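Undergrad: Take this sequence and fold it.
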Amino acid sequence: MVPPPGIELRPPVAAGDLLALPLAAGDTVGIVDGLFHQVRAVPHKEILAVLGRGVSVLGAASMGALRTAELDVFGMRGVGQIYQDFRRRRLEADDEVALLHGPPASGYRAMSEPLVTIRAGLAAAVWEGACARTAAEQIVTALRSLPCALRSYRRFPGLAAATGLDPDELGRYRARNRQDIKRADALTLIERLRTADPSGEPRVGPVPRTVLLAEWENRARRPPGVPADYPDSLAASRVLQLFSPGFPAVRRDQVLALLARECAGSCGLPPTGDDAAVTHGVHRRVYPDPHEHPDGFGFLRSWLTDEEAACGDRHHQLLLFLSHSLGTGPGSGCDSVLLDLLEPTDEFAGAIRTAASCHQFTDELCRSRPEFTPDRISPQRITELLLERWGVSRTATDLPALDRGFSSFADAIDAARPYYPLGRLTPKT
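TA: Next up is the predicted model:
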């Protein structure tokens, strides 16, 4: 199908696809089909996040109709008969619009029939007197008991036992009155996009950036010019987090700067770098004022190496504590800041290529050795790789992991699994 001028046609939507689009206030996006089995379906929170940016979101026919029936009270706008049927509870089961389809190369060719179109076809047959209403209801009931991938007009004769109807009679109903209402609703949505009025403001404000939403947004990031089949920015960031010698220092600077900005915003003090970060810990009563209460800092011992604990510089020790204790996982605020800082660098571009090579290498290894999966790699082997790359001893692992933004060394081991095969073969730089 060739879309009208000004409308860009995209494959069925999946989780992360909307966040990856360069959408801005006043734009309009329509959702028709969506993936839900082989990948994660587009979540409601993702649509709400886009609506919160001032983007108009329309839905129809399939996944679009389902999501709009659930989110129209927040400003998502529904189009077509299927949306109305879900909204008014004439239809309730999600699998009414589901079907089995081929791969992208086939144009997602339909390999089964959605129950909603069979319903419409039988309803037309009843209207014309070609099918009794009770027979139509029996056929729909029998098809509902089948998985959506097995529903088709070809199966009508085989429904005799379940419906009590004659196989020949069932055969006469096959596709005689097929009504492709999904296609009709999709075409209506396209027409609506052609005449879309962006002035209709969504009724949802900015959506809170929860841990999950932050992770989704960051996973949707990809620097300009990076091929679509390459890993996302978070994968490249993970490569640097695991293997870059300079990552701990970059991360530490950003953590302290983040705390300084937070102090300026919530406590009213100007962001003055390291001093503001340490002072903010006093404001939040994480620890006492080191100038007024020099004692009471025994808790620092578990956050510092022997050398750091013996240095005697309390200010420096508190900086290390803040850096070690503040996570950089999704939602912490530092994850996006780090990506903003790292993405324009040559090192980040190299990390994307490394991540792509790692993924390709691991995929090829899994194909050539079906018994291999990254989960089966010995933790001991990954430990040896990380200790070598980080230049630390076996007796001190958790603190270097915290320095790189991991919650523990075990967390770092899990993160390194997809990158171990190539990381083991690549010389240390």
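Undergrad: Please save the CA atoms from the helix or strand hosting A264 in PDB.
TA: Using DSSP states H and E, A264 falls within helix 247-266. Output of helix 247-266 as PDB, limited to C-alpha atoms (Å, rounded to 0.1, in the frame of the first residue of the first chain):
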ATOM      1  CA  PHE A 247      34.100   5.500  32.500                       C
ATOM      2  CA  PRO A 248      34.300   5.600  36.300                       C
ATOM      3  CA  ALA A 249      35.700   9.200  36.300                       C
ATOM      4  CA  VAL A 250      33.100  10.400  33.800                       C
ATOM      5  CA  ARG A 251      30.300   8.800  35.800                       C
ATOM      6  CA  ARG A 252      31.600  10.200  39.100                       C
ATOM      7  CA  ASP A 253      31.700  13.700  37.700                       C
ATOM      8  CA  GLN A 254      28.200  13.400  36.400                       C
ATOM      9  CA  VAL A 255      26.800  12.000  39.700                       C
ATOM     10  CA  LEU A 256      28.300  14.900  41.700                       C
ATOM     11  CA  ALA A 257      27.000  17.400  39.100                       C
ATOM     12  CA  LEU A 258      23.600  15.900  39.300                       C
ATOM     13  CA  LEU A 259      23.600  16.200  43.100                       C
ATOM     14  CA  ALA A 260      24.700  19.800  42.900                       C
ATOM     15  CA  ARG A 261      21.900  20.700  40.500                       C
ATOM     16  CA  GLU A 262      19.400  18.900  42.700                       C
ATOM     17  CA  CYS A 263      20.700  21.000  45.700                       C
ATOM     18  CA  ALA A 264      20.300  24.200  43.700                       C
ATOM     19  CA  GLY A 265      16.700  23.200  42.700                       C
ATOM     20  CA  SER A 266      15.400  22.000  46.100                       C
END
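Undergrad: all strands in this protein, in order from the N-terminus.
TA: Ranges of strands in the chain, per DSSP state E, are 28-31, 56-60, 77-79.
Undergrad: Which strands border the last one, and is each parallel or antiparallel?
TA: For strand 77-79, the pairing partners within the sheet under DSSP bridges are strand 56-60 (parallel).
Undergrad: so how far is the strand it pairs with from its chain's centroid?
TA: Taking CA atoms, centre = their mean, to the nearest Å, one finds strand 56-60 lying 20 Å from the centre of the chain it belongs to.
Undergrad: Which residues does that strand contact?
TA: Contact partners of strand 56-60, identified using CB atoms under 8 Å, 6 or more residues apart in numbering, comprise 27-32, 47, 50-51, 64-68, 75-80, 82-83, 185-186, 188-189, 192-193, 196, 198, 200, 202. C-beta here means a position set from N, CA and C on the backbone, and glycine is covered the same way.
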